[in-house]
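1. model this:
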Amino acid sequence: MNSEFDATSRPLVLASSSPRRRHLLAEAGYEFDVAPPLIDEPTCWPADTPPVALAEALAYFKARSVAETCPATSVLGADTICACNQRVMGKPADADHARAMLHELSHNRHAVVTGIAVLAGVRRRIASDVTWVTMRPMTPDDIEEYVASGEWYGKAGAYAIQESADRYVERLDGSFTNVVGLPMELLGRLLPRG
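-> Residues are numbered from 1 along each chain as shown. Next up is the predicted model:
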C-alpha cells in the first residue's frame, strides 16, 4: 500500500456525520477528525443504477466535497444503501416510507452495499462491500413498533442492525460492520494504520 493512504502519514478525516462510523473507526484504533460532507445526498437516481456503482459514487462525492477543503489529509467517505427485489433503498423520507421499506424487507433477502472512497491528494481508492441479509417475517405490529422507536430515521433500508433491529435478522452473509455502515475488513485493506 502507498504511504499516501496510511493514516499515520497523513491526518485522516472522516467525511461523515454518522456516529456509527465514528464509533467503528475509533474502536479499530484509527485517529481521525470529522468533517461532515458539504453536499446533500440525492434522494433520487436513475432506476437502473447498479447498487455498487451508486454506493461508490456517493462515497466518492462525499469524500471529494471534504477533500477540497482539507488538501493535506486522507479523507474517508462512505455511503450505505440497501437493494431488495432489484430496487435500491436509501434512507426513508418519513415514517410512512419507513413502513413501506420494512414491509418489503420482511421475509426477504436483500443486499447491503457500502461504498468507500479514500482520497489523498490526487490519489484515490474506491471500493465497496456487499453483505446479504435475510429478514424474518415482520408482523404489522412489529413494523409499527419499530417505526415508533424512531431507529429507522437516517438509516438505509429503514433499520439499524446494531440497535434493536437485529432481532428481525434471520441470516447474515458477509461483514456485520458493513451493515452498520463501514466495512472494517475492507477499510483495513484500503487504509492500513501503518
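
2. and stretch 55-68, how far out from the chain middle?
-> 13 Å (CA atoms, centre = their mean, to the nearest Å).

3. list the buried residues for the helix or strand bottoming out on mean pLDDT in the chain?
-> Across the helices and strands of the chain, mean confidence by mean pLDDT, DSSP states H and E is lowest for strand 87-89: a mean of 86. Neighbour-count burial for strand 87-89, counted by 16 or more other CB atoms under 10 Å, picks out 88, 89. Glycine gets a C-beta too; all of them are placed from N, C-alpha and C.

4. how many other residues sit next to the residue lying closest to residue 57 once chain neighbours are set aside?
-> Spatial nearest neighbour of residue 57, excluding adjacent residues (CB to CB, 6 or more residues apart in numbering): residue 115 at 7.2 Å. Neighbour count for residue 115, taken as other CB atoms under 10 Å: 26.

5. and if you look at residue 80?
-> Using other CB under 10 Å: residue 80 sits among 29 other residues.

6. that one and residue 110, how far apart?
-> 12 Å (CB to CB, to the nearest Å).

7. hmm, back to that, tell me the secondary structure for the residue nearest to residue 57?
-> strand (DSSP: H, G, I helix; E, B strand; the rest coil).

8. wait, it sits on residue 79?
-> Yes. Residue 115 is within contact range of residue 79, at 5.1 Å (criterion: CB atoms under 8 Å).

9. where do the contact lists of the two overlap?
-> 55, 58, 59 (CB atoms under 8 Å, 6 or more residues apart in numbering).
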